[in-house]
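> Provided below are the primary sequence and the corresponding predicted coordinates.
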There are 2 protein chains.
Amino acid sequence: MIRILFAPAGCPLLLHHSEKLPHEESCEWRPYPCPCPGASCKWQGTLEAVMNHLALAHKSITTLQGEDIVFLATDIELPGAVDWVMMQSCYGQHFLLVLEKQERIEGHQQFFAAVLLIGSRKQAEGFAYRLELNGNRRRLSWEAVPRSIHDGITSAILNSDCLVFDAAVAHLFAEAGNLGINVTISMC
Amino acid sequence: MIRILFAPAGCPLLLHHSEKLPHEESCEWRPYPCPCPGASCKWQGTLEAVMNHLALAHKSITTLQGEDIVFLATDIELPGAVDWVMMQSCYGQHFLLVLEKQERIEGHQQFFAAVLLIGSRKQAEGFAYRLELNGNRRRLSWEAVPRSIHDGITSAILNSDCLVFDAAVAHLFAEAGNLGINVTISMC
């Protein structure tokens, strides 16, 4: 039996060697990475330090107050992989709204949108979010439990466990190259 | 000025030669093709004859009554291109529900779902439909005006102007390989 890597941070578990790695992947005491999409920022720290890090190192992220806001992504037809990020503050919590454009399959541009709670997985379970595209007598919507920033957005995109739509759908809902996504957060 | 191809059917227009072909594509007097997906049935006729044709030649299509029904697609993991079709009857009209699995992009299976009114474009404008996938604290929904069977579903799929989701999303919502899609029709 050995202690895991994050024992000094507080994890009380003693595990067999074979269980150590799988547990460390999901350990609640594992440091939180910077939640900004893309791997350019290497910061990691405690949950309490994340907001401070964002305020210092990612000043350009806009924050909107309220349970029901519009996340406006501009110039969605810009070529290549692009991220749009903003923050929503409600219920005394901060949520990160992420829209990513990727070419996961060559020649097929897709958009992936999800909401992450700046909090633990357990806290995230207490909320739900809805993303909605509206226009021209059409509506596309996705509802789910927010991800914790501990998990990040990469696996959600890989598993299509988020709002997924292609360039043709984006075009149906966009106005002058900008896409407005209605975001509603609720408590469960 | 010449009369168009469907003048004998009732179209009163006299058009220049250059306008003839584009108009014939969308002419309300053009015969209705068989609305079943795929091009295997070559039947065409008047709108009034469509229901009779379906009853005689496509007996296997199930009809459910009501504004709010569940369209159950079984064995969605069957390989290759597959169509699921059923009929919904409400407001004194018949609607065709279609789910198609295609590999529009090689190596990337996608599902396309839409509702078609067995009626003209003008009649279709008076309705709206909602398709909804539910399960595991997730919901994906699409709302739009039904297509007329005069237009068919091919262009809707080509333009992603319908509910589009990939195999991973289908897997998120399926139970034992079957996918239940809630369909709601409303009058505008």
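That came in fine, so what should we check first? Not measured: the values here are computed from a predicted model. Numbers count the residues shown, from 1 in each chain, chains lettered A, B, ... in the order given.

> What parts of chain A come near chain B?
A:105, A:107-108, A:128, A:137-145, A:159-161, A:163-166, A:168-169, A:172 (Cβ under 8 Å from any Cβ of the partner chain). Every C-beta, even on glycine, is put in place using the N, C-alpha and C of the backbone.

> Could you list which of these belong to strands?
In this view, the residues of chain A next to chain B that belong to strands under DSSP state E are A:105, A:108, A:128, A:138-144, A:163-166.

> From those residues, list just the buried residues.
Buried members of those, scored by 16 or more other Cβ atoms under 10 Å in any protein chain shown, are A:108, A:128, A:138-144, A:163-166.

> is the residue positioned nearest the centre of chain A in a bridge, and if so with what?
In chain A, the centroid-proximal residue (Cα atoms, centre = their mean) is residue A:116; its distance is 3.8 Å. Assessed by DSSP bridges, residue A:116 has beta-bridge partners residue A:96, residue A:147.

> Check residue A:141 too.
Residue A:141 has these beta-bridge partners by DSSP bridges: residue A:132, residue B:141.

> What distance do you get for it to residue A:17?
Here the criterion is Cβ to Cβ, to the nearest Å. By it, residue A:141 lies 46 Å from residue A:17.

> coming back round to it: tell me which two of the buried ones among the ones in strands among the residues of chain A next to chain B sit farthest apart.
A:108 and A:128 (29.6 Å; Cβ to Cβ).

> what about chain A, any weak spots by pLDDT?
A:4, A:23-26, A:39 (pLDDT under 70).

> Okay, strands next: where are they in it?
A:2-3, A:14-15, A:32-33, A:44-45, A:63-65, A:68-73, A:82-90, A:93-105, A:108-117, A:127-135, A:138-144, A:147-148, A:163-166, A:179-187.

> So which of those is nearest residue B:35?
So among the strands of chain A, strand A:138-144 is nearest, using Cβ to Cβ, at 21.2 Å.

> For that closest one, give me every contacting residue.
A:113-114, A:128-133, A:161-163, A:165, A:169, A:172-173, B:137-145, B:161, B:163 (Cβ atoms under 8 Å, 6 or more residues apart in numbering or on different chains).

> And chain A, what are its domain boundaries?
Residue ranges for each domain of chain A read A:1-30, A:58-187, as given by automatic domain parsing.

> which of these is buried the deepest?
Ranked by mean neighbour count under mean count of other Cβ atoms under 10 Å in any protein chain shown, the domains of chain A are led by domain A:58-187, which reaches a mean of 17.

> So for that one, first residue to last residue, what's the gap.
Domain A:58-187 stretches 27 Å from its first residue to its last (Cα to Cα, to the nearest Å).

> How far off centre is it?
Distance of domain A:58-187 from its chain centroid, counting by Cα atoms, centre = their mean, to the nearest Å, is 7 Å.

> ditto for stretch A:57-77
Mean-position distance between stretch A:57-77 and its chain equals 13 Å (Cα atoms, centre = their mean).

> Can you tell me what sits against it?
Stretch A:57-77 is touched from outside by A:34, A:36, A:41, A:43, A:54, A:82, A:84-91, A:94, A:97, A:99, A:101, A:111, A:170, A:174, A:177-186, with contacts defined as Cβ under 8 Å, 6+ apart.

> try stretch A:169-181
Applying Cβ under 8 Å, 6+ apart, the external contacts of stretch A:169-181 come out as A:70-77, A:97, A:99, A:111, A:113, A:131-136, A:138, A:140, B:159-161, B:164.

> go with 6 Å
Contact partners of stretch A:169-181, identified using Cβ atoms under 6 Å, 6 or more residues apart in numbering or on different chains, comprise A:70-77, A:111, A:131, A:133, A:135, B:160.

> Quick one: end-to-end length of that stretch, please.
13 Å.

> Just to check, the residue nearest to the centre of chain A is in contact with residue A:94?
No: using Cβ atoms under 6 Å, residue A:116 is not in contact with residue A:94; the gap is 9.6 Å.

> Now the closest residue to residue A:90 other than its chain neighbours: phi and psi?
Counting by Cβ to Cβ, 6 or more residues apart in numbering or on different chains, residue A:90 lies nearest to residue A:67, which is 4.6 Å off, once chain neighbours are set aside. Dihedral angles of residue A:67 (phi, psi; degrees, to the nearest 10) stand at phi -80, psi -20.

> From residue A:183, how far off is residue A:67?
9 Å.

> Now render the strands of chain A as JSON lines, adding distance to residue A:22.
Below are the strands of chain A laid out as JSON lines (distance: least, Cβ to Cβ, whole Å):
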{"stretch": "strand A:2-3", "distance to residue A:22": "14"}
{"stretch": "strand A:14-15", "distance to residue A:22": "9"}
{"stretch": "strand A:32-33", "distance to residue A:22": "18"}
{"stretch": "strand A:44-45", "distance to residue A:22": "20"}
{"stretch": "strand A:63-65", "distance to residue A:22": "36"}
{"stretch": "strand A:68-73", "distance to residue A:22": "35"}
{"stretch": "strand A:82-90", "distance to residue A:22": "30"}
{"stretch": "strand A:93-105", "distance to residue A:22": "26"}
{"stretch": "strand A:108-117", "distance to residue A:22": "23"}
{"stretch": "strand A:127-135", "distance to residue A:22": "27"}
{"stretch": "strand A:138-144", "distance to residue A:22": "25"}
{"stretch": "strand A:147-148", "distance to residue A:22": "18"}
{"stretch": "strand A:163-166", "distance to residue A:22": "28"}
{"stretch": "strand A:179-187", "distance to residue A:22": "32"}
